[in-house]
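# Just need the structure, nothing else, for what follows:
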Amino acid sequence: MSEQAIVERIISDAEQAARKIIEDAESAADATVAQASERAERNKQGTQAEIKEKAAAIFDGKAAQARLESAKILLGEKRGVIDSVYAQALNKLVSLSDAETVRFAEKLLRAHAEDGDEIVFAENFKCVQDVAKLSVVKEKKLKVSPKKVKIDGGFILRGKLCDKDISYGAILAADREENQAKIAAQLFL
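Numbers count the residues shown, from 1 in each chain. Alright, predicted model coming up:
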């Protein structure tokens, strides 16, 4: 073979080797790009799923918080209504007629007074003299205090062993404790 043919053959082999290297490099680059694209797509899908999951968790948390806040507001409003019911009841007790006030006081004294107790009336109690004349006062040897106490109606019984708050507020508070659930059930069906 001639020298020229050898050179051409070397150049041809070199070009063919170069094309092969370039083809292999392009194939490797295409495979790397495909893998990178696939990995990026997986990462993108994973990130989107994670974002969706976190968004759902945030939404659920905010929804639960809103429900709780709504329930608190509703409960506050219900308490306000029940407070109003008991405020009206207190106003009705304070504004009873003289005859009704005396009957109510007699009933309370029969139920709660013990022999020898002292009755201390509220400042706004309007029938002190009439209550002092009741038979229960004589029967139980009750004393009527000349002092008045600042309560919301009714009276306090001072006894030898203990005092009893028979004020209208105390009576209504005891009633509320006992009947609040029933009243709420009737009001807020």
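# switch to C-alpha atoms for all contacts and neighbour counts from now on
Fine.
# Name the SS class of the spatially most central residue of the chain, please.
Nearest to the mean C-alpha position of the chain, by CA atoms, centre = their mean, lies Lys72 at 4.0 Å. Put simply, Lys72 is helix when judged by DSSP: H, G, I helix; E, B strand; the rest coil.
# Quick check, pLDDT for the nearest residue in space to Asp115 that is not next to it in sequence.
Nearest non-adjacent residue to Asp115, counting by CA to CA, 6 or more residues apart in numbering: Lys140, 4.5 Å away. As summarised for this prediction, Lys140 has a pLDDT of 94.
# And for Lys140, the neighbour number?
Counted with other CA atoms under 10 Å, residues neighbouring Lys140 total 15.
# Next, give phi and psi for it.
Taking degrees, to the nearest 10, you get phi -100, psi 10 for the backbone angles of Lys140.
# That one: what's it in contact with?
Residues in contact with Lys140, defined by CA atoms under 8 Å, 6 or more residues apart in numbering, are Ala113, Glu114, Asp115, Gly116, Asp117.
# Show me which of those residues are buried.
In terms of neighbour count (16 or more other CA atoms under 10 Å), the buried residues within the contacts of Lys140 are Ala113, Glu114, Gly116, Asp117.
# need the next SSE after the longest strand anywhere in the chain, C-terminal direction.
Of all segments of type strand in the chain, defined using DSSP state E, the longest is strand 143-149. Using DSSP states H and E, the helix or strand that follows strand 143-149 in sequence is strand 154-158.
# Which strands border that following strand, and is each parallel or antiparallel?
Using DSSP bridges, the strands paired with strand 154-158 are strand 118-122 (antiparallel), strand 163-167 (antiparallel).
# looking at those strands, which is buried most?
The highest mean neighbour count among the strands paired with strand 154-158 belongs to strand 118-122 (a mean of 23), with neighbours defined as mean count of other CA atoms under 10 Å.
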